[in-house]
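Asker: Okay, predicted coordinates and the sequence, questions at the end:
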Amino acid sequence: MQRYRHRFQRWVRREQCSLLKRIRIERGTKDDFKELEQFHYRHGSLMVRAVYRAVLDGKIIGVIVYGPTYPNLSARRITLPQFSGKMDSTHMRTINKNFVRIWRVVVDPKYRSIGLGVKLVRETLERVGYPYVEILAVMGQYNPFAEKAGMIRVPMELYTNNDQMYLKALDKIRKMGFDLDLLRSKTYDIEHIDKLSPKQLDELKQIIIRYFLGIINRRRKGFVGAIRHGSKDAIAAALANHKLPYAYAIWKNPRFRNLPDPIYCDGR
């Protein structure tokens, strides 16, 4: 039985490899993303810099979207301190000129197991033409396909100081069924709060009051009181306005030899 299982696995790998070779990666448009948007957990308008599509036998089966990155990131300050600086127009121009971010990687569910996400990233990193490519994902939702494609993930402990109790609280929220990538959507939060049991709702209120309220919100007695009394609107607002820790990976284009390498990439 074990022998036949190994044979079957080898056959599957050969078929997947053969299929990947038939898939073309080519320049696309926002319309290509809209065609596959239904398969992605996050919807909405995008500030697009480049779109590439994966095509098999004339059908679009995958899309990667590149867009502008954030002007200031803790992880970037650690890995590329040369690009830290005062938040002014000069700094913004420098970041926009040198950095681009992977915003979306969408693959038709029928082809998710063949490594198409890796292929989309690997074959477009250099094509997009920027010195540095970044990808961010809410902690716990990070997909390793970026690393498999050649990007370097920076350990979170280098740029965050979240204590273990806070991270455990996030894990509890995830186990309640919340998708952390959608937590910034108040509408999504309200819909999911409606599905919680009374016990889960009480636990969620305690987590929010302890970990999700900044200094300003803690001083808003009415807001805190509304959370304690189970106001779905207040609970959802606290969830949506909370900035979650993120996983970060970066790639440097080898064509830009004059620019610095990310510090973590060379082991220092």
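Answerer: Perfect, I can see it now.
Asker: And the helices in the stretch 51-200 of the chain?
Answerer: 74-79, 89-98, 116-122, 145-148, 164-175, 186-193, 198-207 (DSSP state H, counting those that start in this stretch).
Asker: for those helices, which one sits closest to K59?
Answerer: helix 116-122 (12.6 Å; CB to CB). No exception for glycine: its C-beta is placed from N, CA and C like everyone else's.
Asker: quick one: contacts of that closest one?
Answerer: 20, 23, 25, 52, 54, 61-64, 102, 105, 107, 143, 145-146, 148-151 (CB atoms under 8 Å, 6 or more residues apart in numbering).
Asker: Are any of those residues buried, and if so which?
Answerer: 20, 23, 25, 52, 54, 61-64, 102, 105, 107, 145-146, 149, 151 (16 or more other CB atoms under 10 Å).
Asker: Considering the residues you listed, which member attains the minimum pLDDT?
Answerer: Lowest pLDDT among the buried ones among the contacts of helix 116-122: F145, with 81.
Asker: Format the helices of the stretch 51-200 of the chain as TSV; extra columns: distance to L239.
Answerer: Shown next, in TSV, are these (distance: least, CB to CB, whole Å):
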stretch	distance to L239
helix 74-79	22
helix 89-98	29
helix 116-122	28
helix 145-148	26
helix 164-175	8
helix 186-193	5
helix 198-207	8
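Asker: quick one, which of these is packed in tightest?
Answerer: Mean neighbour count (mean count of other CB atoms under 10 Å) peaks for helix 116-122 among those, with a mean of 22.
Asker: what is the rounded mean pLDDT of that one?
Answerer: On average, helix 116-122 scores 94.
Asker: Can you list the low-confidence ranges for this structure?
Answerer: Residue ranges of the chain with pLDDT under 70: 1-17, 35-46, 138-143, 160-163, 214-218, 264-268.
Asker: Break it down into its domains, please.
Answerer: 2-156+246-266, 164-240 (automatic domain parsing).
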